[in-house]
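1. okay, predicted coordinates and the sequence, questions at the end:
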Amino acid sequence: MKHIFITGGVVSSLGKGLTSASLGMLLESRGYSVRMQKLDPYLNIDPGTMSPYQHGEVYVLDDGAETDLDLGHYERFTVSPLSRNSSWTSGKIYRNVLRRERRGRFLGKTVQVIPHITDEIKRAIRSLRNRDVDFMLTEIGGTVGDIESLPFLEAIRQFALDAGRTNCLFIHLTLLPYLKSSNQLKTKPTQHSVSTLRQIGIQPDILVCRTEMPISDVERNKIGLFCNLNTQDVIEEKDAEFSIYEVPITLHNNGLDNRVLHYFRLDSKEQTEPDLSCWYDILGRLRNPSSEITIAVVGKYAKHKDAYKSIYESIDHAGIKHRTNVRVRGIPSDSFSPKQLDDVDGVLVPGGFGDRGVEGKIDAIRTARERQIPFFGICLGMQCAVIEFARNICGMDKANSTEFDQNTSYPVITLLDEQRNVTDKGGTMRLGAQAAVLNETSNVFKSYGNKEISERHRHRYEFNNSYRDKLREAGLVIAGTSPDGGLVEVVELANHPWFVGVQYHPEFKSKPTKPHPLFDNFIAAAINHAK
């Protein structure tokens, strides 16, 4: 296995995740097998308890791991299977070391950052080793120069010694700021970033430069000279004009995948051009849409796009398939007004936790139901749809979830343990892939084309089965359940153009090359509404 380490410098949020995912896709398109991994320096065990304002969405894997949103990019761009070993934080690393220390596994030795923490980081990198895999791409979170990143950088420096320098490639992503006043790209921040990395003991083999403007030969030569690199290994990554799905094409056109293969002396396959036809088709559809619609996303974090990253991407995937420009209007649910839906073609209410903005979500769902606007509720969005239906169709005044009102007279949404009379609630959630069985007469069955499905979950509260019959008699369709029938997974309305609520998170299984069937059909319904 060949190892590729991707680091970042100058500023954060440069797009290391997208660059890593794009390189993974390019290598796969040449016939190589790839594994992807993210190492994050923060001390949280995982992002599961972090606010979306801090770290964007929590991306959930099949095995229930709560991970960084960059793993969503990995899955959307590549076919690399991900697991909890694909995501490591400083907290997770230190926890493992301290557990062994408490059990006496270090035989009385003083536990130190070097070698014990760095050894654990190297063990984490090796956790995905597989003889059938050609390339292992490991992204290091944070920015070179940050104190919390130092153990990870030291670990990958050591790893290259252990595995052999010819088996490890270092890619460094930096920013070339453009100064309008002087009409110049400035290379000095990149030089300083590489200098800091070299002081740690890592010489980057390839430099990927984020830039607003094309890099001239003069600037490329200057960067190569001061950063001790061949000019060909200074790769331009110009800001995408239309979509993030331009990034793989941009990197390929600037030679990134060729330089990677050249470094590893894989000349036999280097001459074979990757098959990027589906990506060119995606870009063609994005640039030449045949229609335009507006989708309202009503949520707590609607103004913070990374909080619903996978949802926005899944909407785009369906728009690409239908050659439709989808304008997404983020509407904060705590200041919702029905007037905000006057000119929209679809309403999506995403998941979340806590009671802030819940009444706005419920009001938005009522508006979509009464106005016959296509509606899609995800996780809490589905639960709010059940609450709205109970209140306004079944006459259950102030029906609610016990998450928001422990004393509600109509607890149509409750903790699963409350339904089983278990008093110790704990802090557990349903996480990861769970099976469901669909009603063959439902819209969701028509969307999937299968009776049995598997989707990823991240929630703690469930549909209260005590109200199942009453809500169903009033017209709420129970369109999907767990295989044993004990948990409601999907609800919909029969007398509505498209009204679906799901307990799970379908956005985690959508790709630009293959949109999720529910997003596909939701956007199709919105297009029909626009007509």
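-> Received the coordinates, thanks. Numbering: from 1, shown residues only.
2. nearest spatial neighbour of the residue positioned nearest the centre of the chain, skipping sequence neighbours?
-> Nearest to the mean C-alpha position of the chain, counting by C-alpha atoms, centre = their mean, stands residue 72 at 3.0 Å. Leaving aside its sequence neighbours, residue 72 sits nearest to residue 59 (C-beta to C-beta, 6 or more residues apart in numbering; 4.5 Å). Backbone N, C-alpha and C define where each C-beta goes, glycine included.
3. just give me the neighbour total for the one you found.
-> Applying other C-beta atoms under 10 Å, we find 27 residues neighbouring residue 59.
4. any idea how far it lies from residue 514?
-> Here the criterion is C-beta to C-beta, to the nearest Å. By it, residue 59 lies 18 Å from residue 514.
5. again, but for residue 404
-> Taking C-beta to C-beta, one finds residue 404 at 36 Å from residue 514.
6. more neighbours, the two?
-> residue 404 (17 against 13).
7. which residues touch the more buried one?
-> Counting by C-beta atoms under 8 Å, 6 or more residues apart in numbering, residue 404 makes contact with 355, 358.
8. again, but for residue 448
-> Contacts of residue 448 (C-beta under 8 Å, 6+ apart): 438, 517-518.
9. which of those fall in helices?
-> 517-518 (DSSP state H).
10. and the contacts of residue 448, which of them are buried?
-> 438, 517-518 (16 or more other C-beta atoms under 10 Å).
11. save those residues as CSV, and put in distance to residue 319 too.
-> Putting these into CSV (distance: C-beta to C-beta, whole Å) gives the following:
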residue, distance to residue 319
438, 25
517, 15
518, 14
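12. poorly predicted segments of the stretch 401-531 of the chain, please.
-> For the stretch 401-531 of the chain, the stretches flagged by pLDDT under 70 are 417-427.
13. ditto for the chain
-> 267-271, 417-427.
14. using the centroid of it, identify the residue furthest from it.
-> Most peripheral residue of the chain (C-alpha atoms, centre = their mean): residue 108, 41.9 Å.
15. give me the neighbour count for residue 245.
-> Residues near residue 245, counting by other C-beta under 10 Å: 24.
16. and for residue 385?
-> 28.
17. same check, this time on residue 8
-> That count, for residue 8 with other C-beta under 10 Å as the rule, works out to 27.
18. show me the contacts for it.
-> 14, 16, 140, 142-144, 172-174.
19. try it again at 10 Å.
-> If you count contacts by C-beta atoms under 10 Å, 6 or more residues apart in numbering, residue 8 has them with 14-17, 19, 139-144, 149, 171-175, 193, 208, 210.
20. please apply the same query to residue 407.
-> Residue 407 neighbours (C-beta under 10 Å, 6+ apart): 398, 400.
21. quick one, phi/psi of it?
-> phi -110, psi 10 (degrees, to the nearest 10).
22. hmm, residue 26 is touching residue 256, no?
-> Yes: at 7.0 Å, residue 26 counts as touching residue 256 under the criterion of C-beta atoms under 10 Å.
23. what residues do those two have in common as contacts?
-> In contact with both residue 26 and residue 256: residue 248, using C-beta under 10 Å, 6+ apart.
24. okay, and the beta partners of residue 175?
-> residue 210 (DSSP bridges).
25. so what's it up against?
-> Applying C-beta under 10 Å, 6+ apart, the residues near residue 175 are 8-11, 13-15, 185-186, 189-190, 193, 209-212, 237.
26. repeat that for 6 Å
-> 10-11, 14, 210 (C-beta atoms under 6 Å, 6 or more residues apart in numbering).
27. between the residues you listed, which has the most around it?
-> Neighbour-wise, those (other C-beta under 10 Å) top out at residue 10, 23 neighbours.
28. for the closest residue to residue 517 other than its chain neighbours, grab the count of nearby residues.
-> With C-beta to C-beta, 6+ apart as the criterion, residue 517 has its nearest non-adjacent residue at 4.3 Å, and that residue is residue 447. Close neighbours of residue 447, defined as other C-beta under 10 Å, add up to 21.
29. and what about residue 447, helix, strand or coil?
-> Of the three states, residue 447 takes helix according to DSSP: H, G, I helix; E, B strand; the rest coil.
30. and it, how close does it get to residue 173?
-> Counting by C-beta to C-beta, the gap from residue 447 to residue 173 is 38 Å.
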